[in-house]
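Colleague: Provided below are the primary sequence and the corresponding predicted coordinates.
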Amino acid sequence: MNSCTEKEGIKDARISQSAIGNVYDRIAPLYNIWANLTESRARGRAIELAGLTGGQTILEVAVGTGLAFNEIVKKNPHGNNIGIDISDGMLKRAHLLLNKTGNNNYSLKKGTAFSLEIETESVDILFNNYMFDLIQYDDMSRILAEFRRVLKKNGRLVLVNMTKGEKWGSNIYDRIYSLKPELMGGCRGVRLAEKLGQDGFSVETREYHQQFLFPSEVIIAQKM
Ligand SMILES: C[S@@+](CC[C@H](N)C(=O)[O-])C[C@H]1O[C@@H](n2cnc3c(N)ncnc32)[C@H](O)[C@@H]1O
C-alpha cells in the first residue's frame, strides 16, 4: 500500500483514532484561529439550515472548542443541549467558552462517536462538524449507524466536512494533507452525500462553501 491510497474517492485517514485525542489536545490552544479563518461561514450556515426551533434535544458530536455549540445553546435555551468529544483539551476550551455565555443549560462529556452514551431515539438534531474528514472510510458506516440509533424518527443530521476542492486553488489543503497529514490536523477532503443515502439518511441539501480557499460541504439530512 502506498502512503496515500483511496477508497470511493476518499483518501485514507492517516492519523489513527487511537492517536486523534492526543493530536487535538495539542492543537486545542490554537484551533480557533484556524477555525475562524477557514470554517466559520460553513459552520454558521449549518446552524442557519438546521431548523433550531427551541425546546429540542440537540446533540453535537465532536463538539471541539464549542464554536458551534455555543451558538446552538443560545438558540435552544429551554431545550436539552449535549456536546461530546474525544479530546480533553478541546473540551476544556469548550467549557471556557460556554461559561462566558452565562447560559448553563448544557452538558459536555468525553466520549466517542463510535459508541454514544445517549438513549436510543432521543435526539431531534445531531450536529457533527469537521469529524468525518478524520475518519477511515471503512469506519464511517459504523458511526452513521450510531447516529441513526440516537436520532428520533425523522430526526435531522447536520454535517459539515472538509470536502474536495471544487473551485480554483482549493486543492491546496488536500495536497498539504498528502505531504504531511499532521499539518491539516488529520483532515482530508471527503464527499458524504452519497454515502449518507446508502446508510439510511435522506439528503435534503448539500452546499459547497469556500473560505480562505478551504473547501467545506454542509449537508442537511433526515433519518429515514
Ligand atoms: C477538526 S476538529 C472540529 C471541532 C468542531 N466540531 C468544530 O467544527 O470546530 C475535530 C474534532 O473531532 C474530535 N473527534 C475526532 N474523532 C472523534 C470521535 N471518534 N468521537 C468524538 N470526537 C472525535 C476531535 O477531538 C476534534 O475536537
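Modeller: Cool, got the structure.
Colleague: the strands in this structure, which residues?
Modeller: In the chain, the segments counted as strands under DSSP state E are 6-7, 10-11, 57-61, 80-85, 107-110, 123-129, 151-162, 201-211, 214-223.
Colleague: Nearest to the ligand, out of the ones you listed?
Modeller: Closest to the ligand of those is strand 123-129 (CB to the nearest ligand atom; 3.4 Å). In this view, the C-beta of every residue, glycine as well, is placed from N, C-alpha and C.
Colleague: Can you list the strands that that closest one pairs with?
Modeller: Pairing partners of strand 123-129, with direction, according to DSSP bridges: strand 57-61 (parallel), strand 151-162 (parallel).
Colleague: Mind putting the strands of the chain into a markdown table with distance to the ligand, mean neighbour count and mean pLDDT?
Modeller: A markdown table is the format used below for the strands of the chain (distance: least, CB to the nearest ligand atom, whole Å; neighbours: other CB atoms under 10 Å; pLDDT from 0 to 100):
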| stretch | distance to the ligand | mean neighbour count | mean pLDDT |
| --- | --- | --- | --- |
| strand 6-7 | 18 | 10 | 82 |
| strand 10-11 | 16 | 20 | 88 |
| strand 57-61 | 6 | 24 | 98 |
| strand 80-85 | 5 | 24 | 98 |
| strand 107-110 | 9 | 14 | 98 |
| strand 123-129 | 3 | 25 | 98 |
| strand 151-162 | 7 | 21 | 97 |
| strand 201-211 | 13 | 16 | 98 |
| strand 214-223 | 10 | 22 | 98 |
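Colleague: Adding distance to Trp34, write those out as a markdown table.
Modeller: Shown next, in a markdown table, are the strands of the chain (distance: least, CB to CB, whole Å):
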| stretch | distance to Trp34 |
| --- | --- |
| strand 6-7 | 25 |
| strand 10-11 | 20 |
| strand 57-61 | 19 |
| strand 80-85 | 16 |
| strand 107-110 | 21 |
| strand 123-129 | 13 |
| strand 151-162 | 11 |
| strand 201-211 | 11 |
| strand 214-223 | 9 |
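Colleague: Met131: which of the strands paired with strand 123-129 is closest?
Modeller: Shortest separation from Met131 across those is recorded for strand 57-61, at 6.8 Å, computed as CB to CB.
Colleague: quick one: the closest one to strand 80-85, angle?
Modeller: Using axes from the mean of the first three to the mean of the last three CA atoms, to 10 degrees, the inter-axis angle of strand 57-61 relative to strand 80-85 is 10 degrees.
Colleague: Is Asp12 in contact with Ile135, as I believe?
Modeller: No. Assessed by CB atoms under 8 Å, Asp12 is found out of contact with Ile135, at 10.8 Å.
Colleague: picking up where we left off before, of all the strands paired with strand 123-129, which one is nearest Gly111?
Modeller: Taking CB to CB, strand 57-61 is the member of the strands paired with strand 123-129 nearest to Gly111, at 8.3 Å.
Colleague: Just give the nearest non-adjacent residue to Gly51, would you?
Modeller: Closest residue in space to Gly51, ignoring its immediate chain neighbours: Arg156 at 6.4 Å, by CB to CB, 6 or more residues apart in numbering.
Colleague: what residues are up against that neighbour?
Modeller: The neighbours of Arg156, taking CB atoms under 8 Å, 6 or more residues apart in numbering as the test, are Ala50, Gly51, Asp124, Ile125, Leu126, Ile220, Ala221, Gln222, Lys223.
Colleague: who does it bridge with?
Modeller: With DSSP bridges as the criterion, Arg156 is bridged to Ile125, Gln222.
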